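Asks: Need the 3D shape of this:
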Amino acid sequence: MANSDLLSAEIGWLSLDVDGVLTDGRLYYGLKGEEIKVFHARDGFAIKLWQQAGGDLLIVSGRHSDLVQRRAEELGIQHVYTGVEDKFKLVQEFCRQNRVRLSHVCHIGDDLPDLRLLKEVGLGICVSDGHPVLKAHADLVTTTRGGEGVLSEVVEKILTAQGLWDKLIQEMLKR
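Replies: The predicted structure is shown next:
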């Protein structure tokens, strides 16, 4: 299946890893042990556009982080799972409980814990600076590095393939 076919499939859900996708993957700690994360504003706007277009999201991270929960709340992301050991199992169960087909999910990851999930969803995407094994198994590799606006690139590609991007841009021009 060509990338354009994958992108235009009925993708309605974005499943997002955090470290290495929404952030640059580095872990920052202050002197008192506080965690610091840097999120890109373009990703936040892309999430809002995705939601405006009718899409939904879930965050699936292997690490616990109050900062991730806070950022998700700011963006209206209701489904946040941190400290996840088996991302595929979690998303599979989430889909079963919410009557979502795995084929309607796009997962964006950067490292080996994302591998099985990336292979099982409808569209598996790896960031450009992701692990070589993940890149080799991805349906699409971004041109953008993790933490540098990956979602901006992905959302534009998917919404363009679904015929929604131009409509959203036209709506923005009218505001």
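
Asks: all contacts plus neighbour counts: C-alpha atoms, from now on.
Replies: Fine.

Asks: helix or strand right after whichever strand or helix holds V155?
Replies: For V155, the host element (DSSP states H and E) is helix 150-161. Per DSSP H and E, helix 150-161 leads on to helix 165-174 as the next helix or strand towards the C-terminus.

Asks: what's that next one packed up against?
Replies: helix 150-161 (3 or more Cα pairs under 8 Å, 6 or more residues apart in numbering; DSSP states H and E).

Asks: buried stuff in the helix it packs on?
Replies: Counting neighbours by 16 or more other Cα atoms under 10 Å, one finds that the buried residues in helix 150-161 are 150-161.

Asks: chain center to that helix, what's the gap?
Replies: 11 Å (Cα atoms, centre = their mean, to the nearest Å).

Asks: Hmm, E148 is touching T23, no?
Replies: Yes: using Cα atoms under 8 Å, E148 makes contact with T23 at a distance of 7.5 Å.

Asks: so what sits against both of the two?
Replies: Counting by Cα atoms under 8 Å, 6 or more residues apart in numbering, the contacts common to E148 and T23 are H40.

Asks: Report how many residues lie close to K119.
Replies: K119 is flanked by 17 other residues according to other Cα atoms under 10 Å.

Asks: per-residue pLDDT, it?
Replies: We have a pLDDT of 97 for K119.

Asks: cool, and R175?
Replies: Turning to R175, the model gives it a pLDDT of 81.

Asks: That one and V121: what is the separation?
Replies: 36 Å (Cα to Cα, to the nearest Å).

Asks: residue contacts, K37?
Replies: Contacts of K37 by Cα under 8 Å, 6+ apart are 23, 27-28, 67.

Asks: go again using 7 Å as the cut-off
Replies: 23, 28 (Cα atoms under 7 Å, 6 or more residues apart in numbering).

Asks: which residue ranges form the helices in the protein?
Replies: 3-8, 41-52, 66-75, 87-98, 115-120, 132-137, 150-161, 165-174 (DSSP state H).

Asks: gap between the closest residue to H104 other than its chain neighbours and E171?
Replies: Computed as Cα to Cα, 6 or more residues apart in numbering, the closest residue to H104 that is not its neighbour in sequence is I11, at 4.3 Å. Using Cα to Cα, I11 is found at 22 Å from E171.

Asks: repeat for V80
Replies: V80 is 29 Å from E171, where distance means Cα to Cα.

Asks: do L112 as well
Replies: In terms of Cα to Cα, L112 sits 39 Å off from E171.
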